[in-house]
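Trainee: attaching a predicted model along with its sequence, questions to come.
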Amino acid sequence: MSQSTDQESRGLTLISRNVFGTRPHDRANAIAAYGANVRAVIATIPSGQLLVHNLGDEWGPLCLHLGVPVPDHSYPNRNNPNDLQSALAHRTS
């Protein structure tokens, strides 16, 4: 590991090494590591305590699981394709 004193840098290095091994930039390896982690969590946590929140589920399942009312505002979406296209268009103009 590098001798960086930057905590974020050291944390990213540890995650990269421990999660992705020697192939942190290999997309297939990253997807396999993610899938293995999801399977391990599902196998470990009792189903009544675990919510697997999927892309597009929005507030309903999450609020039901937590026993709280659904908020009156939209579910956050930071990876909206329209927002990305708009941001890219502004960068090239």
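Mentor: Sure, I can see it.
Trainee: strands of the protein, start to end?
Mentor: Using DSSP state E, no strands are assigned anywhere in the chain.
Trainee: which regions of this protein lie under the pLDDT threshold?
Mentor: Within the chain, the stretches with pLDDT under 70 are 1-5, 79-80, 84, 87, 91-93.
Trainee: contacting residues around the residue sitting nearest the centre point of it?
Mentor: Nearest to the geometric centre of the chain sits Tyr34, at 9.4 Å (C-alpha atoms, centre = their mean). The contact partners of Tyr34, by C-beta atoms under 8 Å, 6 or more residues apart in numbering, come to none. From N, CA and C alone the C-beta is placed, and that goes for glycine too.
Trainee: mind checking how far it is from Ser16?
Mentor: Distance of Tyr34 to Ser16, computed by C-beta to C-beta, to the nearest Å: 14 Å.
Trainee: what's the spacing between the residue nearest to the centre of the chain and Cys63?
Mentor: Distance of Tyr34 to Cys63, given as C-beta to C-beta: 25 Å.
Trainee: now swap in Pro24 and tell me
Mentor: Relative to Cys63, and taking C-beta to C-beta, Pro24 is found at 36 Å.
Trainee: now swap in His53 and tell me
Mentor: On the measure of C-beta to C-beta, His53 and Cys63 end up 11 Å apart.
Trainee: for the closest residue to Pro71 other than its chain neighbours, list the residues it contacts.
Mentor: Leaving out its chain neighbours, the residue that sits closest to Pro71 by C-beta to C-beta, 6 or more residues apart in numbering is Trp59, at 6.1 Å. Applying C-beta under 8 Å, 6+ apart, we find Trp59 in contact with Val70, Pro71, Tyr75.
Trainee: how about stretch 29-49: buried residues?
Mentor: Within stretch 29-49, the residues scored as buried using 16 or more other C-beta atoms under 10 Å are Ala33.
Trainee: ok now the longest helix anywhere in the chain, how far from the chain's centre?
Mentor: In the chain, taking DSSP state H as the definition, the longest helix is helix 27-44. Offset of helix 27-44 from its chain centre (C-alpha atoms, centre = their mean, to the nearest Å): 12 Å.
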